[in-house]
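>>> From the sequence below, what's the structure:
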Amino acid sequence: MRATNYRGEFVGVPAGIEGGNWLYDQVRNELVYVPNLKRYLVTDPNEPTAAHLRFRLEVHKSSKYAYTGVALRPVTAFRWDPIQ
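Down below sits the predicted model:
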């Protein structure tokens, strides 16, 4: 089932994607989340895409044909910190 806040696949990240939405960046092969609430969000200010949180899906395999799980790993560092 497709999530209602998934906007689809794009070449890069288009301008104007509203907060609270996900998309897939085909250029970097990453899942991108555009945060809705940024009040306590801390990202690297030197990162050109600091307004987006980027993730990669890792597939864990135990052999050529056996899968043991998947993990969604952040590509860039971020944290939610209410005490800044």
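
>>> drop to CA atoms for contacts and neighbour counts, all remaining ones
Fine.

>>> Strands along the chain, start to end?
Along the chain, the segments classed as strands by DSSP state E run 6-10, 21-25, 30-34, 41-43, 53-61, 67-74, 78-80.

>>> Now mean pLDDT and mean neighbour count too, for those strands, in a markdown table please.
Formatted as a markdown table, those follow (pLDDT from 0 to 100; neighbours: other CA atoms under 10 Å):
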| stretch | mean pLDDT | mean neighbour count |
| --- | --- | --- |
| strand 6-10 | 90 | 13 |
| strand 21-25 | 94 | 20 |
| strand 30-34 | 92 | 21 |
| strand 41-43 | 84 | 16 |
| strand 53-61 | 90 | 15 |
| strand 67-74 | 91 | 12 |
| strand 78-80 | 84 | 12 |
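
>>> Need the per-residue pLDDT for I17.
Turning to I17, the model gives it a pLDDT of 87.

>>> ok, the closest residue to N29 other than its chain neighbours to D81 distance?
Of all residues not flanking N29 in the chain, R56 sits nearest, at 7.4 Å (CA to CA, 6 or more residues apart in numbering). Distance, R56 to D81, using CA to CA, to the nearest Å: 23 Å.

>>> same thing with K38?
Taken as CA to CA, the span from K38 to D81 is 10 Å.
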